[in-house]
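Student: Sequence and predicted structure, then a few things I'm wondering about:
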Amino acid sequence: MASKERSMPKHVGLIMDGNGRWAKARMLPRVMGHNAGTKTLKRIALKASDMGITNLTVYAFSTENWKRSEEEVSGIFKLLVKFVNSELQELKDKNVHVNILGDRDKLPDYVCESLDKLVGETSHCDGMNFNIALNYGGRAELVRSVKAICEDVKAGRIDADDIDEELISSHLYTGEKNIPDADLIIRTSGEERLSNFLVWQASYSELMFTDTLWPDFSNEEFEDMIFRYMGRERRFGGRNEEDK
Ligand code: FPP
C-alpha cells in the first residue's frame, strides 16, 4: 500500500486560524481580522482552483464558535453574505461548485437565503468543489450519520450487519456530496490540532501547520505545502516499499 504521493491532493481542508490575533496585533476589532481572512480565503480558493485541486473544504464557523460574542458571530455571518454578493460571479466564471457542510437549522434566515443563492447558482459548475463548513462539527456530523442509519435499521431498510465504514461515510455531509476523505489538512497560526474538523475524514490525512496567521497566508506558502504533500510517502497503515 505504500506509495510516494506524486499527484495533486484530491481534497484539501483548511483551518483558517489566527484572524483574531492578526486584528489584535493591529489594535483592530476581531471582525476586521475575519474581514482580512475573507480576502485571503478568496485568494487561496482561486489559487486552489487554478492548481487543479478538486475539493477544498474550509472551516468557516464551527459548532463551538457560537460561544463567541454576539457581535463577532453576526460579524462573521455578515462577511459571509458580503462574500456571496461580491464573489459569486467570479466563482461561477471559474466554474467553482459550492457546497455547504453543517447544520443550517440555527443559522439566521438571511444567511440561509444567501447560502441558497450561492449553492443554487453554482450547482451547474463542475470545476472545484468549494465546501464551506458552517455550523459544522465533526462529532455532530458523525452523530447525524449514526441517527440516519439507525432510522434505516428501525424501518427495516437495512440490517445492522450492513453497517460498515462505507455506509457511515456515505451518511456524512461529505459522503452525501461525493467528497472524498481529506488528503491534506492545513492549519495556520501555530495551533496544532484538528478542533473537531473533518474528524472521520481526517483519519489518514497528511497534516501541515504553519505559524503564519490566516490573513497573512500567501499563495506561495499554500503552493509550497501542496508540493511538500506531493513529495510525502503515504502508507495508509501499510509498510514502506523498501522495508518489504
Ligand atoms: C479563526 O480565527 C477563524 C474563524 C473562526 C472564522 C473564519 C471566518 C472567515 C475567514 C470569514 C468568513 C468565511 C467565509 C466563507 C466568507 P480566530 O478568530 O479563532 O483567530 P484567533 O485564534 O487568533 O483568535
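Tutor: Sure, I can see it.
Student: what about residue 194, neighbour count?
Tutor: Residue 194 has 17 neighbours, counted by other CB atoms under 10 Å. For glycine as for every other residue, the C-beta is placed from the backbone atoms N, C-alpha and C.
Student: That one falls within a helix, correct?
Tutor: No. Assessed with DSSP: H, G, I helix; E, B strand; the rest coil, residue 194 is coil; it does not lie in a helix.
Student: residue contacts, it?
Tutor: For residue 194, the contacting residues are 15, 138, 185, 187, 202, 207, by CB atoms under 8 Å, 6 or more residues apart in numbering.
Student: so which of these comes closest to the ligand?
Tutor: Nearest to the ligand among the contacts of residue 194 is residue 15, at 7.8 Å by CB to the nearest ligand atom.
Student: So residue 75 is in contact with residue 31, correct?
Tutor: Yes. Counting by CB atoms under 8 Å, residue 31 is a contact partner of residue 75 at 3.5 Å.
Student: So what does the residue nearest the centre of the chain look like in phi/psi?
Tutor: For the chain, the residue nearest the mean C-alpha position is residue 57 (2.4 Å; CA atoms, centre = their mean). Reported as degrees, to the nearest 10, the phi and psi values for residue 57 are phi -120, psi 130.
Student: Stretch 162-174: end-to-end distance?
Tutor: Length of stretch 162-174, first residue to last, CA to CA, to the nearest Å: 20 Å.
Student: go on, stretch 212-228?
Tutor: First-to-last residue span, stretch 212-228, CA to CA: 17 Å.
Student: Can you say which helix or strand has the closest residue to the ligand within the chain in it?
Tutor: Closest residue of the chain to the ligand, CB to the nearest ligand atom: residue 20 (2.4 Å). Here residue 20, judged by DSSP states H and E, is contained in helix 19-25.
Student: Now tell me what touches that helix from outside.
Tutor: Helix 19-25 is touched from outside by 29-34, 36-37, 189, 213-216, with contacts defined as CB under 8 Å, 6+ apart.
Student: How far away from the center of its chain is that helix?
Tutor: Helix 19-25 sits 22 Å away from the centroid of its parent chain (CA atoms, centre = their mean, to the nearest Å).
Student: How about stretch 59-75?
Tutor: With CA atoms, centre = their mean, you get 16 Å for stretch 59-75.
Student: Compute the mean per-residue pLDDT across that stretch, please.
Tutor: Mean per-residue pLDDT for stretch 59-75: 97.
Student: Could you work out the end-to-end span of it for me?
Tutor: Start-to-end, stretch 59-75 (CA to CA) is 16 Å.
Student: and it, does that touch the ligand?
Tutor: Yes. Counting by CB under 6 Å from any ligand atom, the ligand is contacted by stretch 59-75 at 60, 65.
Student: still on that earlier bit, show the buried residues in the contacts of helix 19-25.
Tutor: Neighbour counting by 16 or more other CB atoms under 10 Å classes 30-34, 36-37, 189, 213-216 among the contacts of helix 19-25 as buried.
Student: What is the helix or strand that contains residue 75 packed up against?
Tutor: Assigned by DSSP H and E, residue 75 belongs to helix 70-93. When contacts are defined as 3 or more CB pairs under 8 Å, 6 or more residues apart in numbering; DSSP states H and E, helix 70-93 sits against helix 30-51, strand 55-62, helix 109-121.
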